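Engineer: Curious how this folds, go ahead:
(one chain, ligands or ions: 1)
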Amino acid sequence: VSSDAASAESWTLGRMLEWTRQHLKKSGSETARLDAEVLLAHACGCPRIQLYVRFDELATDQQRRVMRDLVKRRAAAEPVAYLVGHREFYGLDFIVNRHVLIPRPDTETLVLDLITRARRVADPRILDLCTGSGCIAVAAAAGLPTATITAVDISPESLDVARQNVNRHVDSNKQPIAPRVTLLQSDLFEAVPKEEFDFIVSNPPYVAEAEVATLAPDVRNHEPLLALRGGSDGLDVIRRIVVEAISRLKPRGELLIEFSPEQASAVQKLVTETGAYEAPTVLQDVERRSRAIRAIRLSDKPA
Ligand SMILES: C[S@@+](CC[C@H](N)C(=O)[O-])C[C@H]1O[C@@H](n2cnc3c(N)ncnc32)[C@H](O)[C@@H]1O
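Structural biologist: Modelled structure (predicted):
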C-alpha cells in the first residue's frame with residue numbers, strides 16, 4: 001500500500017484488497033484472501049461482507065495507514081485474530097490478545113459434548129481448568145442458563161481477557177452470564193474452593209517439548225508458550241488433572257479433556273490406570289480425529 005501521493009487517488013478498497021492478498025500470499029499465508037478481507041474490514045470498521053459493495057470506494061489516509069501496519073505484521077506471521085483483537089468460537093465473539101491462546105474450532109467438540117451432557121443435569125456445577133480467553137466457560141454459560149461455572153487459569157493476563165469475555169455475553173434468556181461465572185487465578189485445582197463438580201472440563205497445554213519447534217510460526221512465535229507446552233510428552237498437565245479431578249468430581253461426575261489426536265491412547269491409559277473412572281469415551285472432532293476424552297467418575301471412590 002504505497003504512500004506515494006501520486007498513486008493515492010487510485011487506491012480503491014478493491015485494489016487494496018487485491019494488493020494485500022498478493023502480498024500475504026507471497027509472505028507465506030495459506031489464507032491470504034481471507035486474511036486480506038478480515039484486515040481490510042477491520043481497517044474500514046465494517047463487517048467483512050460489506051466490503052463487496054465498497055470495492056470502488058477510495059481508501060482514506062487513515063485506512064491506508066492502518067492497513068500498512070496490519071499487513072506488515074501479518075506478513076511477519078502475527079495471527080489475524082491478534083491483529084483485529086477478536087475471534088469467533090462456538091458462534092460467539094471473543095476478545096483475544098497475545099496473552100491468550102486463540103480459540104480453535106477443535107475445542108468446539110469438547111464444548112458441544114459438555115453442553116449436551118450438562119443439559120440433563122439440574123443446575124450443573126462446572127469447573128473449567130486452563131480457561132485462557134474463557135471461551136469454554138463462556139460458551140457453556142451461554143448455552144446452559146442454570147449452570148454455575150468456575151474458570152481458572154494460572155496467568156493473570158489471560159484472566160483479564162476472560163473477564164472481558166465473561167462480562168460481554170448473555171445466555172439464551174438474554175441474561176448476563178457474569179453472575180454465574182467465577183474467575184480464579186489458580187495452578188489447576190490449588191485455589192479452587194473444596195466443592196464437588198458435576199463436570200470438570202479442560203483444554204490444557206498439551207504440546208510435547210520436541211513438537212514446539214515444529215509448530216507453525218504463527219503459533220510458535222506469537223501464541224503464549226504457557227498455553228502450549230505440556231512437558232516432555234505433552235501430558236504433564238493432563239496427568240495431574242486426571243488424578244486430581246477424582247476428589248473434585250461428584251460420584252458419576254464427568255471429566256472432559258482435550259488432547260492432540262496422537263495422544264488418545266496414552267490419555268485413555270492414564271484414565272484407566274486410576275481405577276476411579278468408567279471406561280472412557282474418546283470424542284472425535286469435525287475432521288474425525290480423536291480430540292477429547294470423556295471419563296465418568298465411578299460412584300465409589302477407590303480406597
Ligand atoms: C491450551 S490453552 C487453552 C485456553 C482455552 N481454554 C481455549 O480452549 O482456548 C491453556 C491455558 O492453560 C493455562 N495454564 C497453563 N498451565 C496452567 C496451570 N498449571 N494451571 C492453570 N492454568 C494453566 C495457560 O495460561 C493457558 O491459558
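Engineer: Return the residues of this protein in contact with the ligand.
Structural biologist: Residues of the chain lying close to the ligand by Cβ under 6 Å from any ligand atom are 100-101, 103, 107, 130-133, 135-136, 152-155, 158, 187-188, 203-205, 226-227, 237. In short, each C-beta sits where N, CA and C put it, glycine included.
Engineer: Any of those residues buried? List them.
Structural biologist: 100-101, 103, 107, 130-133, 135-136, 152-155, 158, 188, 203-205, 226-227, 237 (16 or more other Cβ atoms under 10 Å).
Engineer: Give me the pLDDT for E9.
Structural biologist: In the predicted model, E9 carries a pLDDT score of 59.
Engineer: Equivalent analysis for V1, please.
Structural biologist: pLDDT recorded at V1 is 53.
Engineer: Repeat that for L249.
Structural biologist: At L249, the model reports a pLDDT of 98.
Engineer: Quick check: chain neighbours aside, which residue is closest to it?
Structural biologist: Nearest non-adjacent residue to L249, counting by Cβ to Cβ, 6 or more residues apart in numbering: R297, 4.3 Å away.
Engineer: so how far is R239 from the one you found?
Structural biologist: 17 Å (Cβ to Cβ, to the nearest Å).
Engineer: Which one of the two is surrounded by more residues?
Structural biologist: R297 (23 against 16; other Cβ atoms under 10 Å).
Engineer: list the contacts for that one?
Structural biologist: The contact partners of R297, taken as Cβ atoms under 8 Å, 6 or more residues apart in numbering, are A245, I246, L249, K250, P251, R252, G253, E254, L255, A276, Y277, E278.
Engineer: dump the residue contacts of whichever residue of the stretch 51-200 of the chain sits closest to the ligand.
Structural biologist: Residue of the stretch 51-200 of the chain nearest the ligand, by Cβ to the nearest ligand atom: G132 (2.4 Å). G132 makes contacts with V100, L101, P103, D153, S158, V161, A162, N203, A227, as judged by Cβ under 8 Å, 6+ apart.
Engineer: Thank you, goodbye.
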